[in-house]
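Student: Any chance you can model this:
(one chain, ligands or ions: 2)
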Amino acid sequence: MMGSGKSTVGKLLGKALTYPLLDSDGLIQQLAGQSIKEIFETEGEEAFRDMETEVLQQLMPFKACVIATGGGVVLRRKNWGYMHHGVVVWLNGSPELLARRTSRDGLKSRPLLGGKADQEQQGEDAYQQSLERLTRILEERKHQYAVADVMVPLEAGPSSREAEAGASTAVVTYRVLKALKERLQKDAQEREEARNFEIKGGNDVPQTMRVMPSPAAGATQNEE
Ligand SMILES: Nc1ncnc2c1ncn2[C@@H]1O[C@H](COP(=O)(O)OP(=O)(O)OP(=O)(O)O)[C@@H](O)[C@H]1O
Ligand SMILES: O=C(O)C1=C[C@@H](O)[C@@H](O)[C@H](O)C1
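Tutor: Ligands and ions are numbered 1, 2, ... in the order given. Alright, predicted model coming up:
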């Protein structure tokens, strides 16, 4: 989602893993020679989504890297085919937290939050507008985000002094690393268990697994 910290956390995660960070929004802007806001305005959202899918496809063969995708990448089934080549992380923050961050940054560069190109909105109005849109978008997408391999909450503990801003980037990055490790260990364990299956019941092939003559063959025999 917008403002969840994909670029910020992605950078720190890349450092911790010594992997490069590839940012799909950044690559689209470089290739198009336009900002995301301009692409939405001149070519429309569908054209932007096509570019996003194209960039994702190009990034698919890369291994040992962190990819920060745009938040709308979950919308196309085809994109999941590409994303499942890696481990997909959902940075899950409340609309209130995301609205605080995006409205503080200004909405100008975020077309889906209704930023106006000619006028920067900040303060309470920008917060309310951002909150309303983020709440709707998250509601629409939450089932798609839930397909991610790993979900990491962005909220800080209730007693924390950071409650308003959410957990710090360092804490979120630590949570991502921990969740990734647990997920990869669980996958490895499941693979190991699947490999060690046992065949019970001696050498006899169960009735249900025997190769039976096809009904068509039977019909031919009866006709003779
Ligand atoms: N853990 C954090 N604590 C406080 N502020 C944060 C944290 N993570 C990100 N931010 C701030 O939130 C804003 C959005 O972060 P960032 O640009 O990394 O998000 P994004 O998910 O890449 O956003 P978008 O998809 O809209 O480009 C930035 O101002 C960033 O400094
Ligand atoms: O959530 C979204 O649909 C978007 C998120 C941003 O990263 C950009 O990819 C773009 O503004 C759209």
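Student: any weak-confidence spans in this structure?
Tutor: Along the chain, segments meeting pLDDT under 70 span 115-122, 159-162, 201-202, 217-224.
Student: one more time with 90, if that's ok
Tutor: By pLDDT under 90, the low-scoring segments of the chain are 105-109, 114-126, 156-165, 194-224.
Student: Phi, psi for the residue of the chain found nearest ligand 1 please.
Tutor: Residue of the chain nearest ligand 1, by CB to the nearest ligand atom: G5 (3.0 Å). Where you see a C-beta, it was placed from the backbone N, CA and C, and this is true even at glycine. Torsion angles at G5 (phi, psi; degrees, to the nearest 10) stand at phi 100, psi 30.
Student: Then D23?
Tutor: Dihedral angles of D23 (phi, psi; degrees, to the nearest 10) stand at phi -110, psi 110.
Student: what about the helices in this protein?
Tutor: Ranges of helices in the chain, per DSSP state H, are 6-17, 24-32, 36-43, 45-59, 77-83, 95-105, 123-145, 169-195, 215-223.
Student: Let me know which of those helices is tucked in deepest.
Tutor: Of all these, helix 95-105 carries the top mean neighbour count, a mean of 21, counting by mean count of other CB atoms under 10 Å.
Student: For ligand 2, tell me whether that helix is touching it.
Tutor: No - applying CB under 6 Å from any ligand atom, one finds helix 95-105 separated from ligand 2 by no less than 10.2 Å.
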